[in-house]
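1. Sequence below, structure please.
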Amino acid sequence: MTTLQKLFTALFCLFAISSVQAQTVMVAVAANFTEPMQEIAAAFDKETGNNTVLSFASSGKFFAQIKNGAPFDVFLSADTAKPLALEQDGLSIKDNRFTYAQGALILWSPKADFVDSQSPDVLKTGQFKHLSLANPKLAPYGLAAVETLNNLGVYDDVANKIVMGENIAQAYQFVATHNAQVGFVALSQVMKQGKLSSGSGWIVPKDLYSPIRQDAVLLKKAEHNDAAKALLDYLKSDKALAIIESYGYSH
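-> Predicted coordinates for the structure are as follows:
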């Protein structure tokens, strides 16, 4: 083989490898999983050379978009029902679903000492104007918040103070910007490295709401997308699981 032939061969190999590595993965991510998924995607891209493009919204909104042909490869839902429904409708790859995280709920305020870490008594004091939570029809965390209020027997007492976000990210924003004094948000939104990052909060006992199991699924469009499959495998890796746990999730 001549020197020129060797050069062309080397260039061809480099191009081929680059073509395989530089795949793009379009991921629809439930709003509560924003920060951990940003960390996980950055690590995945760095290690594999792929390009992960993330979109964040409520699971209900993504579910409707995917049913209407939105071009996502992977769906990280905040529940189990929507990925199952997509599989039953033939919109995802069969027997591919798995639980990537189990979420937790917290009653939180950005104000220090406003919420007792040992009890939800702040809900009974009436010393707040607005209570924020996500729309229970669209967001599993909103449904968990309503279940909690009902199980505590205080829903009717606070119903006229509820302000509803379209998703858990908006519910968090209402509280973080002091438009609501307190709210039910995802623990992952206010926890970093295993600690409350700011304010005060009561972590809601898990027997007060249905488990928030969050399932991932490979969508039909990505049937031949190796990078999408690799990303789902990466979500099960020790590195990804450590990131997920650091935000207060279990699995």
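
2. C-alpha from now on. contacts and neighbour counts both.
-> OK.

3. Neighbours of the residue lying closest to residue 192 once chain neighbours are set aside, how many?
-> Ranked by Cα to Cα, 6 or more residues apart in numbering and with sequence neighbours excluded, the top spatial neighbour of residue 192 is residue 247, at 5.4 Å. For residue 247, the tally of surrounding residues (other Cα atoms under 10 Å) stands at 24.

4. does residue 174 really touch residue 180, like I thought?
-> Yes - here residue 174 lies in contact with residue 180, judged by Cα atoms under 8 Å, at a distance of 5.5 Å.

5. anything in contact with each of these two?
-> With contacts defined as Cα atoms under 8 Å, 6 or more residues apart in numbering, the residues adjacent to both residue 174 and residue 180 are residue 132.

6. Summarise which helices and strands the host helix or strand of residue 151 is packed against.
-> Secondary structure here is read from DSSP states H and E; on that basis residue 151 sits in helix 140-152. Contacts defined by 3 or more Cα pairs under 8 Å, 6 or more residues apart in numbering; DSSP states H and E place helix 140-152 against strand 105-109, strand 131-134, strand 182-186, strand 212-218.

7. in that helix, what counts as buried?
-> 140, 141, 142, 143, 144, 145, 146, 147, 148, 149 (16 or more other Cα atoms under 10 Å).

8. Likewise for stretch 68-80?
-> Neighbour-count burial for stretch 68-80, with 16+ other Cα under 10 Å as criterion, is recorded at 72, 73, 74, 75, 76, 77, 78, 79, 80.

9. what comes into contact with it?
-> Outside of stretch 68-80, the residues that reach it under the criterion Cα under 8 Å, 6+ apart are 25-30, 32, 59, 66, 83, 99, 139-141, 212-222, 225, 228.

10. Try it again at 6 Å.
-> With contacts defined as Cα atoms under 6 Å, 6 or more residues apart in numbering, stretch 68-80 is touched by 26-30, 59, 213-219, 221-222.

11. send the alpha carbons of stretch 224-240 over as PDB?
-> Output in PDB follows, covering the C-alpha atoms of stretch 224-240 (Å, rounded to 0.1, in the frame of the first residue of the first chain):
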ATOM      1  CA  HIS A 224     -31.900   2.400  14.800                       C
ATOM      2  CA  ASN A 225     -30.300   5.200  16.900                       C
ATOM      3  CA  ASP A 226     -27.400   3.600  18.700                       C
ATOM      4  CA  ALA A 227     -26.700   6.700  20.700                       C
ATOM      5  CA  ALA A 228     -30.200   6.800  22.100                       C
ATOM      6  CA  LYS A 229     -29.900   3.200  23.200                       C
ATOM      7  CA  ALA A 230     -26.500   4.000  24.700                       C
ATOM      8  CA  LEU A 231     -28.000   6.900  26.600                       C
ATOM      9  CA  LEU A 232     -30.600   4.600  28.200                       C
ATOM     10  CA  ASP A 233     -27.900   2.200  29.200                       C
ATOM     11  CA  TYR A 234     -25.900   5.100  30.600                       C
ATOM     12  CA  LEU A 235     -28.900   6.000  32.800                       C
ATOM     13  CA  LYS A 236     -28.400   2.600  34.600                       C
ATOM     14  CA  SER A 237     -24.700   3.100  35.100                       C
ATOM     15  CA  ASP A 238     -23.100   3.700  38.600                       C
ATOM     16  CA  LYS A 239     -22.100   7.200  37.600                       C
ATOM     17  CA  ALA A 240     -25.600   8.200  36.500                       C
END
